[in-house]
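**Q** model this:
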Amino acid sequence: MHLEPENYLVIAMFVSFIALLFTGFPVAWVLAGVGIGFAGIAYWTDSMDWTVTGLDYNTLGLLTGRIFSIMDNWVLVALPMFIFMGLMLDKSGVAERMMHSMQKLFGNVKGGLAITVTLIGIILAASTGIIGASVVLLGVMSLPIMLKQSYHKPLALGTVAASGCLGILIPPSIMLVIMGDQLGVSVGDLFMGAVFPGLILGVLYIAYIYTYGRLRPENAPLAADHKPIELADVLRVMLDILPPAALILAVLGSIFAGVATVTEASGIGALGATILSAAYRKLDFAVFKEVVINTMNTSAYIFAIFVGATIFALVLRECGGDELIETALNSLGLGPLGLIAVVLVLIFLLGFFLDWIEISLIMLPLLGPVIAGLDLAVEGYGVVDNPNLVWFALLVAVTLQTSFLTPPVGFAIFYLKGVCPPGVKLVDIYKGVVPFIVLQLIGLGLVFAFPQLVTWLPAIAYAN
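**A** Prediction:
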């Protein structure tokens, strides 16, 4: 592939960004700084007739409008609302109640405690997309019990880390809100499209744990005081699951039924989580203040990256980044599905070093036009807008699940290490997450092979 002079600027931008990440500077400032720095370099080289990027001060003036459009985007109002919802649910004590009751329900199954953790992870995922809160909560609640019950350390640690990460995929997911905004597709389509992929991962986890418990019962033993299941145990589980299930139904049901937009549903979720916390007598001014401050900090972090990524992406595009990426992908000669596979491998590798936010905000705007132009023939059943992009977004979302578990920047690993009992080493967590990374890749393969897993539910919902 022949490189033009301006193409070297694009490559240098990517290399500079990755190199500066290792300096410890905040990602948002790195993105903005690299963008502004290379805008000056591009303008200077143009004035010297070394490159032809067309980048001038008038073009850079577009940044003001782009940044304002981010802050004026009503869809993104859902981000702080869903973050508030997740943090408030973390304080409500719902997970502790479910852990206590479901542990009795699965007490007679080999690996039953790990299965309980996975099921609670699925329920938490459908009510909060805050990975740090979910991993820490599951770790604090379940790890001491599993280790006391003589569970194999890697199994216990891998279960907690993987189950706590499901919230980034299972709706309502803040990642899907950002993806919808970046790709210009319906967030409602993404939410409905993510239901089956998310549940598939949960089922794969449970099947693996159950099989492991059957093959190696000494590594996933029953509790010494386990008792036969009684009707009261089943009723207790149902009563404990009912409140969060009602909240999930109110949020997702209102979106899927077309009663509320994603933004409006996020407000319902935030209010519902607050009411739930108050009903369980966990809400006071100190808790409310802590949740609000943490919501503000997390939201500010995300929106700062939004601004930095906007500056970076505009300069990259004006330097020919879109054309370079499209040319590079098309020159591979692999066909549409082959190009998708290459992109997913690239995103998987980037997940070793970058957070999902940076990958979503940098890569998706660049890759979106390329993917939209491919002849993928993904069936949208005539009612799903941009089915190609919806399917691609969910493929990327499943791939980014692995970014939380892959070292050296596997955030779930470090969240978990921070709450582990004494004696648990980082290498134990690494060993534990490997099988779950493999399961995530199997789930990715299923979604890749069967796009209907993504498009069928939104198509059926809209057709009716």
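**Q** quick check: longest helix of the protein.
**A** helix 285-318 (DSSP state H).
**Q** Give me the distance between the residue most central in space within the chain and Leu405.
**A** Centroid-nearest residue in the chain: Ile168, 2.9 Å away (criterion: Cα atoms, centre = their mean). Counting by Cβ to Cβ, to the nearest Å, the separation of Ile168 from Leu405 is 11 Å. Every residue, glycine included, has its C-beta placed from N, CA and C.
**Q** hang on, the earlier thing: was I right about the residue nearest to the centre of the chain contacting Thr399?
**A** No. Ile168 is not in contact with Thr399 according to Cβ atoms under 8 Å; the separation is 11.3 Å.
**Q** Would you mind listing the residues touching both of the two?
**A** Taking Cβ atoms under 8 Å, 6 or more residues apart in numbering as the contact rule, Ile168 and Thr399 touch no residue in common.
**Q** could you give me the average pLDDT of the helix or strand hosting Ile429?
**A** Using DSSP states H and E, Ile429 sits within helix 426-449. Mean pLDDT, computed over helix 426-449, is 92.
**Q** What of stretch 285-300?
**A** Confidence for stretch 285-300, expressed as mean pLDDT, is 90.
**Q** and that stretch, which residues are buried?
**A** Val287, Val291, Asn294, Thr295, Thr298, Ser299 (16 or more other Cβ atoms under 10 Å).
**Q** How about stretch 247-263?
**A** Result for stretch 247-263 [16+ other Cβ under 10 Å]: buried residues Leu247, Ile248, Ala250, Val251, Leu252, Ser254, Ile255, Phe256, Ala260, Thr261, Val262, Thr263.
**Q** same thing with stretch 64-80?
**A** Those would be Ile67, Val75, Leu76, Val77, Ala78, Leu79, Pro80, for stretch 64-80 by 16+ other Cβ under 10 Å.
**Q** tell me which of the residues you listed is nearest to Thr455?
**A** Val75 (21.0 Å; Cβ to Cβ).
**Q** quick one: contacts for the closest one?
**A** Neighbours of Val75 in contact, by Cβ under 8 Å, 6+ apart: Val177, Gly180, Asp181, Val187, Val262, Thr263.
**Q** go again using 6 Å as the cut-off
**A** Asp181 (Cβ atoms under 6 Å, 6 or more residues apart in numbering).
**Q** Got phi/psi on it?
**A** In terms of degrees, to the nearest 10, the main-chain angles of Val75 are phi -60, psi -40.
**Q** Strands along the chain, start to end?
**A** Defined through DSSP state E, the strands belonging to the chain form an empty list.
**Q** quick one: least confident helix or strand in it?
**A** One helix or strand of the chain scores below all others by mean pLDDT, DSSP states H and E: helix 57-60, with a mean of 64.
**Q** Report all helices and strands that the helix holding Ile429 contacts.
**A** helix 153-164, helix 187-215, helix 387-401, helix 411-417 (3 or more Cβ pairs under 6 Å, 6 or more residues apart in numbering; DSSP states H and E).
**Q** can I get the ones you listed in CSV with distance to Ala19 and mean pLDDT?
**A** Shown next, in CSV, are these (distance: least, Cβ to Cβ, whole Å; pLDDT from 0 to 100):
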stretch, distance to Ala19, mean pLDDT
helix 153-164, 29, 91
helix 187-215, 33, 91
helix 387-401, 23, 90
helix 411-417, 21, 82
